[in-house]
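3D model of this:
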Amino acid sequence: MRHQKNKVTLDRKTAARRSLLANLAESLVLYEKIKTTKAKAKALAPFIARLITKAKMQNLSGRRELMKTLYTENVIKKMMEVIGPKYKDRAGGYTRIIMLRNRKGDGAEEVLIELV
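Numbers count the residues shown, from 1 in each chain. The predicted model follows:
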């Protein structure tokens, strides 16, 4: 039975959703905080947590796992050299979501998602 197994689709098809999350993750890694909507931030938090866990492995296998998801080499390099060692002793909870305000145009809830 599949009770309560709803996934967050963000009203996009699979390929568009994967691209969106990968781009948001790359921006979050590069700038360490980004402003986005609440729904996208809540979908991004577990996605980036899995990537940071792979970066914590500090080996070739972890790097190759990151290369499957992320696009640019400088983001992968930062994940392996800066972010992975930074969270080496942390068991999870790598992101923080801070509510900002509702966007003026469409009323969407804007948040700031940042690495802790």
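
could you pull out the helices for this protein?
Remark: helices assigned in the chain by DSSP state H are 14-31, 38-55, 60-69, 73-78, 84-86.

Could you pull out the buried residues of the shortest one?
Applying a neighbour-count criterion of 16 or more other Cβ atoms under 10 Å, the buried positions in helix 84-86 are residue 84. Just so you know, the C-beta spots here come from the backbone N, C-alpha and C atoms, and that holds for glycine as well.

Give me the contacts around that helix.
By Cβ atoms under 8 Å, 6 or more residues apart in numbering, the residues outside helix 84-86 that reach it are 52, 55, 56, 57, 58, 62.

try 6 Å
For helix 84-86, the surrounding residues in contact (Cβ atoms under 6 Å, 6 or more residues apart in numbering) are 55, 56, 58.

Which one (most neighbours) among those residues?
Most neighbours among the contacts of helix 84-86, by other Cβ atoms under 10 Å: residue 55, with 26 neighbours.

From residue 78, how far out is the closest residue to that residue other than its chain neighbours?
Distances taken as Cβ to Cβ, 6 or more residues apart in numbering put residue 84 closest to residue 55, at 3.6 Å, once the chain neighbours are dropped. Per Cβ to Cβ, to the nearest Å, residue 84 is found 9 Å from residue 78.
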